[in-house]
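> Quick one, structure for this:
(one chain, ligands or ions: 1)
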Amino acid sequence: MSDSQLRTMGQQFGRRSWAEPWKIKMVEPLRMVDREHRERALDEAGFNTFLLKSEDVYIDLLTDSGTSAMSDRQWAGMLLGDEAYAGSRNFYSLEEAVQKYYGYKHIIPTHQGRGAEHLISRAAIKPGQYIAGNMYFTTTRLHQELAGGIFVDVIIDEAHDPQNTHPFKGNVDLEKVEALVRREGAAKIAYISLAGTVNMAGGQPVSMANAKALRAFADKHGIKVYLDATRMVENAFFIQEREEGYANRSVAQILKEFCAYTDGAWMSAKKDSLVNIGGWLAVNDWTLFEELRNMVVVYEGLHTYGGLAGRDMEALAIGIVESVQDDHVRSRIGQVRYLGELLAHWGIPMVLPIGGHAIFLDARAFYRHLRQDQFPAQTLAAELYLDSGIRSMERGIASAGRDPKTGDHYYPKLELTRLTIPRRVYTQAHMDVVAESVRAAYEQRDKTRGLKMVYEPKYLRFFQARFERL
Ligand code: P61
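Model prediction:
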């Protein structure tokens, strides 16, 4: 075979190849069930990938949340668990790591991200106040609404267009925030809810310039800025890669600078920080911290464990350090890109630029014959599972839920199916299998029928909703 026919990834891109900065020490066998079995499993799951049993799944791209592989160091840390009810030494490791890498002063552990969202929403929102955010996230908005807040989307318009290749599609549109402040007055704004790499927009980053400008705006009006730091390390990588003046700064340095423009943050550590469970909430203001520290004992656990075991906090503290290493982030995002570039090359419609944690397929463009209330993204997730046992996640109309005032579906512009890549878990060969399955579903697109929802829970309906084929 000639050199031009068979080339390594690096050669295809005109550079030397690079590989993951780790090797595999322990493996978990995978099982692939046949098509007949998958049809039965999907039917029993009401066409909802959240309701599938994981043993019926071959390659699990439902989420990157809590699904990453821990390192030998992190597992060793698990054995150092100090399971004291109060004052566990592992809490102090965690506190130190958050202070060192994220730069906030006061830290409260929580069992996961939504535990932290619950606390900050209750403490910082008065009923009737507005929260301006760079696109909604399901649990974040729900906690804000349950606290009596009204969420207003202030992300730039480009974020709602899958084809737009703006390098910082997660940016806040300051004019939109300004218009809200003008209309309602600064006192009616509880805070600005800023997310690093915006999940629902396709894992799209916020630029440092935008964070800086937002800080100046917030100071002018006396408004707080709280950060959803869940995938902020990945955001820092994009700044290093795309923003002028940051090419020679480390991911760790960029992360710390970005956080310094905010007043506090909540974190689902199950993503960036390479652990299976955990979260935290951190603020700089002592008075707010006191209130949060008092609330955590009601809803999560004592303020030095917040619902986590000591061993979980140790693994998390170690995971934070591993997560900010440049070579780690490059290989993590590099793998997502590998899959995305294959698909883009084949003309598969998806959100561009390729984001940090997942490929977001544009289900609307797959199934032009389906109306949005026939659940195109849910349909595509079902079809991928049927084709190959790959599990993905709907991020469209089912996820968006209903307007609490009118009871109507929200109709988000983006109707996406997410192929989420866990960190340090799958190989390039797995990505090839996934890509071929997506292509197979794309080739069948015109023959694919949509779905109707036949069971709908009240909160976060997409987790437990059931569907039938039309
Ligand atoms: C995910 F289908 N994300 O992406 P918790 N902020 C952000 C998140 O991505 C996030 C949380 C806060 C998940 C899990 C999940 O609609 C869903 O630790 C940017 O999960 O409580 C979680 O953190 C909440 C999947 C959550 C969903 C909500 O897969």
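
> Give me the mean pLDDT for stretch 230-244.
In this model, stretch 230-244 has an average pLDDT of 98.

> Establish whether that stretch and the ligand are in contact.
Yes. Against the ligand, stretch 230-244 shows contacts by Cβ under 6 Å from any ligand atom at residue 230. No exception for glycine: its C-beta is placed from N, CA and C like everyone else's.

> can you pull the buried residues of that stretch?
230, 231, 232, 233, 234, 235, 236, 237, 238, 239, 240, 243 (16 or more other Cβ atoms under 10 Å).

> Check the offset of it from the chain's centre.
Put simply, stretch 230-244 sits 14 Å off its chain's centre (Cα atoms, centre = their mean, to the nearest Å).

> hmm, back to that, greatest separation within the buried residues of stretch 230-244: which pair is it?
230 and 243 (20.3 Å; Cβ to Cβ).

> For the residue in the stretch 1-150 of the chain that the ligand sits nearest to, which residues are in contact?
Nearest residue of the stretch 1-150 of the chain to the ligand, counting by Cβ to the nearest ligand atom: residue 113, 2.4 Å away. Contacts here follow Cβ atoms under 8 Å, 6 or more residues apart in numbering; on that basis residue 113 touches 139, 228, 230, 266, 267, 268, 269, 270, 279.

> For the second one, list the residues it contacts.
Okay, so that is residue 228. Residue 228 makes contacts with 113, 137, 140, 193, 194, 195, 196, 265, 266, 267, as judged by Cβ under 8 Å, 6+ apart.

> Could you check which helix or strand contains the fifth one?
Spelled out, it's residue 194. Per DSSP states H and E, residue 194 falls inside strand 189-195.

> for the helix or strand following that strand, packing partners?
Counting by DSSP H and E, the next helix or strand C-terminal to strand 189-195 is helix 208-221. Contacts defined by 3 or more Cβ pairs under 8 Å, 6 or more residues apart in numbering; DSSP states H and E place helix 208-221 against helix 174-184, strand 189-195, strand 225-228, helix 251-260.

> Highest mean neighbour count out of those?
Mean neighbour count (mean count of other Cβ atoms under 10 Å) peaks for strand 189-195 among the helices and strands packed on helix 208-221, with a mean of 26.

> how close does residue 460 get to residue 340?
For residue 460, the distance to residue 340 equals 27 Å [Cβ to Cβ, to the nearest Å].

> So these two - more neighbours on which side?
Per other Cβ atoms under 10 Å, whichever of residue 460 and residue 340 has more neighbours is residue 340, with 24 against 15.

> Quick one: residues contacting the more buried one.
Per Cβ under 8 Å, 6+ apart, neighbours of residue 340: 350, 354, 359.

> Sticking with the last one, tell me its helix or strand.
Assigned by DSSP H and E, residue 359 belongs to strand 358-362.

> going on from that strand, what's the next piece of helix or strand?
Once strand 358-362 ends, the next helix or strand along the chain (criterion: DSSP H and E) is helix 363-366.

> about what we covered before: list the pairing partners of the strand holding residue 194 within its sheet, with orientation.
Strands adjacent to strand 189-195 in the sheet, as given by DSSP bridges, are strand 130-133 (parallel), strand 225-228 (parallel).

> and the angle for whatever helix or strand comes next after the last one with strand 189-195?
Okay, so that is strand 225-228. Following strand 225-228 in sequence order, the next helix or strand is helix 232-242 (DSSP H and E). With axes from the mean of the first three to the mean of the last three Cα atoms, to 10 degrees applied, the angle from helix 232-242 to strand 189-195 works out at 70 degrees.

> and helix 232-242, what other elements does it pack with?
Short answer (3+ Cβ pairs under 8 Å, 6+ apart): helix 232-242 packs on helix 251-260, helix 326-345.

> 10 Å instead, please
Packed against helix 232-242 by the contact rule (3 or more Cβ pairs under 10 Å, 6 or more residues apart in numbering; DSSP states H and E) you find strand 189-195, helix 208-221, helix 251-260, helix 310-323, helix 326-345.

> May I see those organised as TSV, with distance to residue 419 added?
Shown next, in TSV, are the helices and strands packed on helix 232-242 (distance: least, Cβ to Cβ, whole Å):
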stretch	distance to residue 419
strand 189-195	20
helix 208-221	27
helix 251-260	24
helix 310-323	21
helix 326-345	7
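
> right, so of the ones you listed, which gets closest to residue 127?
Closest to residue 127 of the helices and strands packed on helix 232-242 is strand 189-195 (Cβ to Cβ; 9.9 Å).

> What mean pLDDT does that closest one get?
Rounded mean pLDDT across strand 189-195 is 98.

> begin at 26 from here
In the new numbering, first residue 26, that becomes strand 214-220.

> now that strand and helix 199-209, what's the angle there?
160 degrees.

> Let me know the pLDDT of residue 251.
If you check residue 251, the pLDDT there is 98.

> With residue 38 instead?
Per-residue confidence (pLDDT) for residue 38: 84.

> For the residue nearest the centre of the chain, list the residues it contacts.
Compute the mean C-alpha point of the chain, and by Cα atoms, centre = their mean the closest residue is residue 224, 4.4 Å away. Counting by Cβ atoms under 10 Å, 6 or more residues apart in numbering, residue 224 makes contact with 89, 160-163, 165, 195, 253, 255-256, 293, 296, 380-383, 385, 420, 443, 445.

> Narrow those residues to those in helices?
Of the contacts of residue 224, the ones assigned to helices by DSSP state H are 163, 165.

> Skipping its backbone neighbours, what lies nearest the closest residue to the ligand within the stretch 276-425 of the chain in space?
In the stretch 276-425 of the chain, the residue that lies nearest the ligand is residue 293 (3.2 Å; Cβ to the nearest ligand atom). Sequence neighbours aside, residue 138 is the residue nearest to residue 293 in space, at 2.7 Å (criterion: Cβ to Cβ, 6 or more residues apart in numbering).

> now swap in residue 87 and tell me
Closest residue in space to residue 87, ignoring its immediate chain neighbours: residue 416 at 4.8 Å, by Cβ to Cβ, 6+ apart.

> quick one on the thing from earlier: also within reach of the ligand: list those from the contacts of residue 365.
Checking the contacts of residue 365 against the ligand (Cβ under 6 Å from any ligand atom), there are no matches.
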